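Asker: return a 3D structure for these sequence lines:
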Amino acid sequence: MKTMKFWRMVLVVLAAFSLASCSSEPEYADPEAHEKTAELREQFAPLIVGTWHFEQTTDKERFFEQLTFQDDGTFTGVRKWQSRQLVTMNNEQRYTDWESLQQLNGTFTGKWFLLWERDGEGEGHNMIFLRAEFDDDANTVLPYSHTALFDGVDATTLRFYGFWASNGSNLMTYQRGAAEPTF
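Answerer: Numbers count the residues shown, from 1 in each chain. Predicted structure coming up:
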């Protein structure tokens, strides 16, 4: 009889302990980051969904990219990137013909999301995460595999700090809508 009471008490204690340790609310390592990420996504993610294009030309490079963001967190894109060199021929400087940067051109598919993230100094920033792979196996470089500073979006423009922009700040400003490259 004592053994039965003992096991009942053990079961009651275990049940109480397991119920007390369960919580319906998740615990976040950084509750502020979680809250700000939720606000960022609610405010801007619906505006990002759609098709955007970016084109920029310098003396030595031409770059075109079109991105189509879906509300399920996926995106597709197409990129055309060309370059040329300034060479000296017969004591005269001339540009070579435009050449495609083959491993950086083509169509790609990936995932995207917005997040608020702290840097090493504790400052927080709005970010956009982009991860994609070229659809063609011949391309060995990933078109996107980074988190970029997200500058904002409205009805006509999407702005984030990317890897290519001739303005010196790397702020890439995409225009809403589909387009074809001018080159």
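
Asker: surely Arg131 and Thr147 touch.
Answerer: No: using C-beta atoms under 8 Å, Arg131 is not in contact with Thr147, being 9.1 Å away. Quick note: C-beta positions are derived from backbone N, CA and C, even for glycine.

Asker: Met43 should be in a helix, yeah?
Answerer: No, residue 43 isn't Met; it's Gln. Yes: Gln43 sits within a helix when classified using DSSP: H, G, I helix; E, B strand; the rest coil.

Asker: and it, how many neighbours does it have?
Answerer: Other residues within reach of Gln43 by the criterion other C-beta atoms under 10 Å amount to 12.

Asker: distance check, it against Asp154.
Answerer: 11 Å (C-beta to C-beta, to the nearest Å).

Asker: with Gln56 instead?
Answerer: The gap separating Gln56 from Asp154 is 20 Å, by C-beta to C-beta.

Asker: tell me which of these two has more neighbours.
Answerer: More crowded of Gln56 and Asp154, by other C-beta under 10 Å: Gln56, with 15 against 10.

Asker: need the residues that contact the strand or helix carrying that one.
Answerer: With secondary structure defined by DSSP states H and E, Gln56 is part of strand 50-57. Counting by C-beta atoms under 8 Å, 6 or more residues apart in numbering, the neighbours of strand 50-57 from elsewhere in the structure are 62-69, 158, 164-166, 172-179, 181-183.

Asker: what is the helix or strand following that strand packed up against?
Answerer: Where DSSP H and E defines the elements, the next helix or strand beyond strand 50-57 is strand 61-69. Based on contacts counted as 3 or more C-beta pairs under 8 Å, 6 or more residues apart in numbering; DSSP states H and E, the elements that strand 61-69 packs against are strand 50-57, strand 74-83.

Asker: find me the pLDDT at Gly120, would you?
Answerer: Reported pLDDT at Gly120 in the predicted model: 80.

Asker: oh, that last question was meant for Trp116, not what I typed.
Answerer: With respect to pLDDT, Trp116 has a value of 97.

Asker: what bridges to it?
Answerer: Here Trp116 sits in beta bridges with Asn126, as judged by DSSP bridges.

Asker: got a list of what it touches?
Answerer: Listed by C-beta under 8 Å, 6+ apart, the contact set of Trp116 reads 33, 36-37, 39-40, 124-127.

Asker: low-confidence regions, this structure specifically.
Answerer: Counting by pLDDT under 70, the ranges of the chain that qualify are 1-24, 164-168.

Asker: list the buried residues of the helix or strand that contains Leu40.
Answerer: Leu40 belongs to helix 31-48 when elements are defined using DSSP H and E. Along helix 31-48, these residues count as buried under the neighbour rule (16 or more other C-beta atoms under 10 Å): 36-37, 40, 44-45, 48.
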